[in-house]
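Student: How does the following fold in three dimensions:
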Amino acid sequence: MGDWRDRRTQDGGAQQGTLPMAGTYVVAPQDDVDIDKVEVMPTDLLGREYETFPAPEPLDHHGPARVIAMCNQKGGVGKTTSSINIAGALSQYGRRVLIVDFDPQGAATVGLGINANAVENTVYTALFDPSVDPHDIVQHTAFANLDVMPANIDLSAAEVQLVTEVGREQILASVLRKLKNEYDVIIVDCQPSLGLLTVNALTAADGVIIPVAAEFFALRGVALLMQSIEKVQSRINPNLQVYGVLVTMFTRTLHCEEVLQRIYEAFQDKVFHSVISRSIKLPDATVAAAPITIFAPGHKTAKEYREVTRELVARGIVA
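Tutor: Next up is the predicted model:
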């Protein structure tokens, strides 16, 4: 059996389950409009009616980037998956996107097809070696408009080293400052903790997206995260905002619906209209090292991530 990376459609596009050649694949916004066309005003799972978010217009220039921290100290709630797929959808709409993998597990790096153990420098280098230009650390992925600053297990030592650094909370911000003008959006995929790395991400960010799995235990840690965000707001980064709460891993069960209602009671209109369903197609896309919006653009979950992306643009969070 041939490798799936080599299977192409005759017109140069990609079949579902195939990965296009590097830098050649962009789904035109009008294609997504046809896929996601809604004839009536939609209603979300909380009963809220809302105008269909339009496909964003192309940009006539790029930068400076809006920095978004994808943050929740609980693991397994879809931070990396959401980072990759929101970034993938934004890139398909012509936005230049950089994912900063800020987790020592390096899942976002691997999830975009980059072998972090084979690259000379990672985000760890950017934090502690000012002689290295961050542009030289950024890796281009196989997808147009989508880059990644890789991470690997070396980053696990950063928490200890940051303790003795001057201005330790603002080191990532100083790194990203050199990259902002080249991108429209920078998404920082945080590790599942509330340590110094996460504080660095919150300090560097303009706003936070909080992925929350639709299960009871995922709710318990959100209050601690909000306390950390408020501390960063009051002491370091007063402009930090909570852009939204993204409910993930949703299934049509009574438990999930109760959790969704609880999340809405806590965050009100901060909850995104689109809820991300639990789907076997997401692991398939991860194995393929591609955003699901590219791997299976017609799939329900791909549509949900595109709807989240459109909401970000419609609300002015992203250009």
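
Student: Just the element for the residue nearest the centre of the chain, please.
Tutor: Taking CA atoms, centre = their mean, the centroid of the chain lies closest to Ser83, which sits 1.7 Å from it. Ser83 is part of helix 79-92 when elements are defined by DSSP states H and E.

Student: Show me where this structure has its helices.
Tutor: Per DSSP state H, the chain carries helices over the ranges 29-36, 79-92, 107-111, 123-128, 134-137, 158-162, 171-177, 196-204, 216-220, 222-235, 254-267, 281-287, 292-295, 300-314.

Student: Quick check: mean pLDDT of the first one?
Tutor: Averaging pLDDT along helix 29-36 yields 49.

Student: what comes into contact with stretch 117-136?
Tutor: 100-102, 116, 137, 139, 149-152, 154-155, 157-158, 161-162, 171-172, 175-176, 178-179, 182 (CB atoms under 8 Å, 6 or more residues apart in numbering). Yep, even glycine has a C-beta here, placed from its N, CA and C like the rest.

Student: I meant to write stretch 262-276 there.
Tutor: Applying CB under 8 Å, 6+ apart, the external contacts of stretch 262-276 come out as 42, 44-46, 48, 50, 78, 82, 212, 214, 219, 222, 242-250, 260, 301, 304-305, 307-308, 311.

Student: How far does the helix holding Ser83 sit from its chain's centre?
Tutor: Computed by CA atoms, centre = their mean, to the nearest Å, the chain-centroid distance of helix 79-92 equals 5 Å.

Student: What remains of the contacts of stretch 262-276 if I keep only buried residues?
Tutor: Neighbour-count burial (16 or more other CB atoms under 10 Å) is assigned, among these, to 44-45, 78, 82, 212, 214, 219, 222, 242-250, 260, 301, 304-305, 307-308, 311.

Student: tell me the pLDDT at Met1?
Tutor: 43.

Student: Same check on Met21?
Tutor: Value for Met21, per-residue pLDDT: 39.

Student: what's the answer for Asp269, then?
Tutor: For Asp269, the model assigns a pLDDT of 88.

Student: please begin residue numbering at 53 from this point
Tutor: Shifting the count to begin at 53 puts that one at Asp321.

Student: For burial, what's the neighbour tally of it?
Tutor: The number of residues packed near Asp321 is 10, by other CB atoms under 10 Å.

Student: And it, how close does it get to Leu271?
Tutor: In this view, Asp321 and Leu271 are 18 Å apart by CB to CB, to the nearest Å.

Student: what do you get for Val237?
Tutor: 28 Å.

Student: now Gly247, nearest residue through space, not along the chain?
Tutor: Glu211 (5.1 Å; CB to CB, 6 or more residues apart in numbering).

Student: before we move on, what about Arg100?
Tutor: Spatial nearest neighbour of Arg100, excluding adjacent residues (CB to CB, 6+ apart): His325 at 6.5 Å.

Student: Any idea how many residues pack against that neighbour?
Tutor: By the criterion of other CB under 10 Å, His325 has 22 neighbours.

Student: Many thanks, we can stop here.
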